[in-house]
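Q: task: produce atomic coordinates for the following.
(one chain, ligands or ions: 1)
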Amino acid sequence: MQSPRIAIIGAGIGGMTAAIALARRGADVTVYEQAAALGWVGQAINLAPNAVRALDGLGLGEAIRRNAWQPSLRLSRDWDSGRITSQVALAEAARERYGAPTLTVHRAELIGALATALPAGHLRLGHRLTDWSETRHALHLHFAHGADIECDALIGADGIHSGVRQSLFGRDAPRYTGMIAWRGVTSAASVRAAHPHIDLAPFTKWWGPTPQIQLVNFLIRGGEELFIFATLPAPEPDRESWSQTGDPEQLRQGLAGFHPEARALLDPLREVFRTALYDREPLPAWTRGRVCLLGDACHAMTPFMAQGAAMGIEDAVTLARCLDGVPTSGIAAALVRYEQSRIARASRVQKTSHENQFLKNPGDADWVYGHDAWTAPLAP
Ligand SMILES: Cc1cc2nc3c(=O)[nH]c(=O)nc-3n(C[C@H](O)[C@H](O)[C@H](O)COP(=O)(O)OP(=O)(O)OC[C@H]3O[C@@H](n4cnc5c(N)ncnc54)[C@H](O)[C@@H]3O)c2cc1C
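A: The predicted structure is shown next:
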């Protein structure tokens, strides 16, 4: 029996993880990415225990830990008093409780680990999907440079503005959250030298006076660099960008009333990046026939729980489990099984992330961090 030909559109974290998970099970899978090279943008990413455990199961554990930081704690602190309002033990405690720690890594290192793990020949760069059509026997993909490719299953992992999503369910614009996200990296040594009393080891979220104002700090690159993430309100929609720079002074002014320890982290910032934040409402379905969505294409969310990429990684593992050994005639049913196994959890995380209250006060982290995509029951 010839195995089904699976095409994934988009070589982001979701699409790449899905391709690795499928290739590991012997599937005939190819990722088509519009960019001419894989993106090395975006600075840092926080991989929560549920994401790390899913990646560990793909054999990526060593690669993602090589230059990562393992935060000791996840702290919530009041923006002005500095009072700790909730605390979750990470590192060894998370390993014991969830089977994996939280890792904070540079995005380029994560994408690099994924690219290295994907067997040669499974990735086609410079392929922008413009359209697809379906006949009884196959799906036909049409690319901007004129290539036409036939496949048996199509996975849209093409991000928040997914064209595959639009082709399945019609046009709907992402929702502007009314916030600009600011990001910057600085030397951890210089912060430690100037402020030896500040403990940089935890992942710390400073909750601002309104839900639209917050500051997050954590270490990356084995603890050598300090990553700063903050949001400020901006009523007018701005553009999404991983590379648009902003004025560090504007960020400092926006957070001027914060606790001195929080402000001290902002002082050394010389370069910051800004992007408008968009998300979406949960979708009622992710699949139609032999086509389905994965990652931000079906559940784009705010970054406030650090679960956007994590949900795409969980999707990828679940998709590979559902498609394992399935013949071409069983693809549509396997994709429904994938959707039914994932949609309730991803939608709940999407909604909770939008509300932005997760772990502000002591609460249940287990339902998020304790999920094991490798063993979670699949829908019947
Ligand atoms: C500021 C910020 C901070 C974040 N922090 C975290 C965090 O700490 N932890 C976490 O888990 N998540 C975080 N996220 C969320 C996370 O970044 C995203 O959920 C994740 O990167 C989405 O991955 P994806 O593969 O689904 O989509 P994308 O990364 O958007 O990838 C989609 C890919 O599809 C390609 N593509 C699009 N259209 C086509 C086409 N027609 N043909 C071919 N290719 C196409 C694109 O070029 C792109 O490479 C954060 C998000 C933001 C904005």
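
Q: and the helices in the stretch 51-200 of the chain, which stretches?
A: With DSSP state H, counting those that start in this stretch, the ranges of helices along the stretch 51-200 of the chain come out as 61-65, 91-98, 107-117, 163-169, 188-194.

Q: the fourth one packs against which elements?
A: In this case it means helix 163-169. strand 129-134, strand 153-156, strand 291-293, helix 296-299 (3 or more CB pairs under 8 Å, 6 or more residues apart in numbering; DSSP states H and E). Heads up, the C-betas are built off the backbone N, CA and C, glycines and all.

Q: list the residues that contact the residue nearest the centre of the chain.
A: Of all residues in the chain, the one closest to the mean position by CA atoms, centre = their mean is Ala309, 1.5 Å from it. By CB atoms under 8 Å, 6 or more residues apart in numbering, the residues touching Ala309 are Ile13, Gly14, Ile45, Leu47, Ala51, Gly295.

Q: please name the residues that touch the closest residue to the ligand within the stretch 1-150 of the chain.
A: Here the stretch 1-150 of the chain gets closest to the ligand at one residue, Gly12, 2.2 Å apart by CB to the nearest ligand atom. Residues in contact with Gly12, defined by CB under 8 Å, 6+ apart, are Gly39, Ala157, Gly159, Gly295, Asp296, Gly312.

Q: among those, which are within reach of the ligand?
A: Counting by CB under 6 Å from any ligand atom, Ala157, Gly159, Gly295, Asp296, Gly312 from these sit close to the ligand.

Q: what's the ChimeraX line that selects buried ones from those?
A: Applying 16 or more other CB atoms under 10 Å to the ones next to the ligand among the contacts of Gly12 leaves a buried subset, and the ChimeraX line that selects it is:
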select :157,159,295,296,312
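
Q: return the set of buried residues in stretch 187-205.
A: Ala188, Val191, Ile198, Leu200, Ala201, Pro202, Phe203, Thr204, Lys205.

Q: with stretch 159-175 instead?
A: Gly159, Ile160, Ser162, Gly163, Val164, Arg165, Ser167, Leu168, Phe169, Pro174.

Q: low pLDDT regions in the stretch 101-250 of the chain?
A: Of all residues in the stretch 101-250 of the chain, none has pLDDT under 70.

Q: and stretch 340-352, how far out from the chain middle?
A: Chain-centre distance of stretch 340-352: 14 Å, with CA atoms, centre = their mean, to the nearest Å.

Q: and it with the ligand, contact?
A: No - Stretch 340-352 lies apart from the ligand when judged by CB under 6 Å from any ligand atom; the minimum separation is 10.0 Å.

Q: avg pLDDT for that stretch?
A: Summarised as a single mean, pLDDT over stretch 340-352 is 98.

Q: and the buried residues of stretch 187-205, which is closest to Arg124?
A: In terms of CB to CB, no member of these lies closer to Arg124 than Phe203, at 36.5 Å.

Q: thought that closest one was touching Leu226?
A: No - using CB atoms under 8 Å, Phe203 is not in contact with Leu226, being 11.5 Å away.

Q: shared neighbours of those two, which are they?
A: Here Phe203 and Leu226 have Asn217, Phe218 as joint contacts, going by CB under 8 Å, 6+ apart.
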